[in-house]
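In: no sequence on this one, just coordinates:
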């Protein structure tokens, strides 16, 4: 059963067994979730900031490659420290069997297919419409999480999940949103296929990370990111080879680009941790909260205006979070 | 405890005790709720129809008076039938004590104050903004229901109630809705005060109807509507006296006007029945569903377009209904 605990249960843990296993697990889960939320929203804020600061003509594929390389380096650094303190064990050694490593390229491959489809969907929907349709990811993740990982959500938690999708979409509504209903059949189909690819990649990553719970996460990350690097080398060769040869690898990089690469690398590691210590459902909630947080920070620092739709969507998302975490407990008020 | 049963419980009733007291109660509750929903939405459809058919210059106060008079007549007719079949008893006799009757003018008075305030709030908000702010009634009804009638809702049902308010508001959003956030403080204050008056009138009516459960509902209605007639005579004298003297009482009446009066009278009686056999929470849900039903019928017959906001709001309202009716039961799916 999915076991995101209610606040009441959390309090009991803190009061009664401050150092027990469950308490430690919950603490780790909370920290990685909070980290993912903050990193995701600061990522969006960096994008807003970089747009305000003017357009930077760096190649996205080289930046993506550097993100994967940085994550790889960070995983190796963490491993080196662990090897020094604990020695090399069966769980933290880098060498692996073909049987273990063969599944690692699959998430990277699924994301690649999804990103390729992204170029075609814009023949049927515009960018704001695509933002709205992307919320289908929430539903596809829930369904695949149930089917593939065979984990259960209570009926209240399912209701909460539908609300999360509706609330996020409501928060993103603007006067142009009604066009999304005129999306042709092919557009809807592609949006659904993309949502399934994205959901499947997430669920598959969780399955990999949890398959061997005792396996050190840094080893798992290392292999995941190695394949990420390989896929991005292919992307550079296909898409930006000429630009890189002509203008150089780091052409157009600025402070913001460097910050964005750093941030992407850290959020990538946070996603892996959420997959290992929490699950896809927690990830979806974290990224949704990050969206609201981003709007709030943009409101404070960039003079954005709140729309009525944003406020209503935020209320629905908040109730969804409450229902999700309290969905297993029935209380009278 | 508020006891709108879940589908599971309902099924048990139907299967195990088809003719017991609880089953009959639930059946009666369902019928009056369905009647109120259908009457409320057909009311809105009549308004749409009458606007399409052109403006009719009848005086609203005379129509309101006729609604009260018709309800009074229908209550008396029902009573006459009961007297013939059952004879006059303590519970169905029309004569009453001052102690019983003294509370009956209060709901009519509260509605009058609310309607007077309505004229002033338009200094601060426009009509679409007022439609949005009216959803505060949902919250005020829930709070007063809890405080005055001392009935309990589970935490899931509270969450459902917040969602009902957010969902109804979302469904009504249009590109002009963002102006509502610019409502000045006095506008918000008046909207809140009006919501409290409206909620208080509803909760007070429920208290009156339920104070003596064995008292025949037609007697209670008769007294409620007598005071309604009196208040409306005052309204005619103050607002439309000259028009009635010059052009006559029925000036400007059409078939649609007559249908609207009939409909208002029947929905008035349905509201009384919901108050006696169900409660204010059920009433709020019934009128919310009626709003969605109205939009759906308008879509089918008047060529209205659904907006993305309407679809999202409908999803949130549907989940709210599900959560409300299942809020007491916890199931694994």
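Out: Okay, I see it. Model, not experiment: these values are computed from the prediction. Numbering: from 1, shown residues only, chains lettered A, B, ... in the order given.

In: remind me which residues of chain A are low pLDDT?
Out: A:1-21, A:51-56, A:328-333 (pLDDT under 70).

In: Could you pull out the helices in it for me?
Out: A:7-16, A:21-52, A:60-86, A:98-101, A:105-121, A:127-133, A:136-148, A:155-171, A:185-211, A:217-235, A:241-247, A:255-277, A:280-302, A:308-326 (DSSP state H).

In: Just say which of those is most tucked in.
Out: Among the helices of chain A, helix A:155-171 has the highest mean neighbour count (mean count of other Cβ atoms under 10 Å in any protein chain shown), at a mean of 25. For the C-beta atoms, the positions are set from N, CA and C on the backbone; glycine is no exception.

In: And that one, how far out from the chain middle?
Out: Centroid separation for helix A:155-171 versus its chain: 18 Å, with Cα atoms, centre = their mean, to the nearest Å.

In: Distance to residue B:196 added to the helices of chain A, as a markdown table?
Out: Listed next are these as a markdown table, based on distance: least, Cβ to Cβ, whole Å:
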| stretch | distance to residue B:196 |
| --- | --- |
| helix A:7-16 | 31 |
| helix A:21-52 | 37 |
| helix A:60-86 | 55 |
| helix A:98-101 | 65 |
| helix A:105-121 | 49 |
| helix A:127-133 | 37 |
| helix A:136-148 | 37 |
| helix A:155-171 | 27 |
| helix A:185-211 | 44 |
| helix A:217-235 | 55 |
| helix A:241-247 | 65 |
| helix A:255-277 | 44 |
| helix A:280-302 | 30 |
| helix A:308-326 | 20 |
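
In: can I get these in JSON lines with distance to chain B?
Out: JSON lines is the format used below for those (distance: least, Cβ to the nearest Cβ, whole Å):
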{"stretch": "helix A:7-16", "distance to chain B": "11"}
{"stretch": "helix A:21-52", "distance to chain B": "20"}
{"stretch": "helix A:60-86", "distance to chain B": "30"}
{"stretch": "helix A:98-101", "distance to chain B": "33"}
{"stretch": "helix A:105-121", "distance to chain B": "18"}
{"stretch": "helix A:127-133", "distance to chain B": "7"}
{"stretch": "helix A:136-148", "distance to chain B": "8"}
{"stretch": "helix A:155-171", "distance to chain B": "5"}
{"stretch": "helix A:185-211", "distance to chain B": "14"}
{"stretch": "helix A:217-235", "distance to chain B": "30"}
{"stretch": "helix A:241-247", "distance to chain B": "39"}
{"stretch": "helix A:255-277", "distance to chain B": "23"}
{"stretch": "helix A:280-302", "distance to chain B": "12"}
{"stretch": "helix A:308-326", "distance to chain B": "5"}
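
In: Nearest to residue B:277, out of those?
Out: Checking these against residue B:277 by Cβ to Cβ gives helix A:155-171 as the closest, at 27.6 Å.

In: contacts for stretch A:179-192?
Out: The contact list for stretch A:179-192 (Cβ atoms under 8 Å, 6 or more residues apart in numbering or on different chains) reads A:117, A:120-121, A:124-126, A:128-130, A:132-134, A:136, A:140, B:306-308, B:311.

In: do the same with stretch A:316-327
Out: For stretch A:316-327, the external contacting residues (Cβ under 8 Å, 6+ apart) are A:4-7, A:153-154, A:156-157, A:159-161, A:163-164, A:166-168, A:170-171, A:281, A:285, A:288-289, A:292, B:155-156, B:159, B:162-163, B:166-167, B:170, B:316, B:323, B:330.

In: Give me the contact list for stretch A:238-252.
Out: With Cβ under 8 Å, 6+ apart as the criterion, stretch A:238-252 contacts A:56, A:57, A:58, A:59, A:60, A:61, A:62, A:236.

In: Contact partners for residue A:306?
Out: Residue A:306 neighbours (Cβ under 8 Å, 6+ apart): A:295, A:299, B:181.

In: Now do the last one: how many residues are near it, please.
Out: By the criterion of other Cβ atoms under 10 Å in any protein chain shown, residue B:181 has 14 neighbours.

In: measure it to residue B:124 for me?
Out: From residue B:181 over to residue B:124 the distance is 13 Å, taken as Cβ to Cβ, to the nearest Å.
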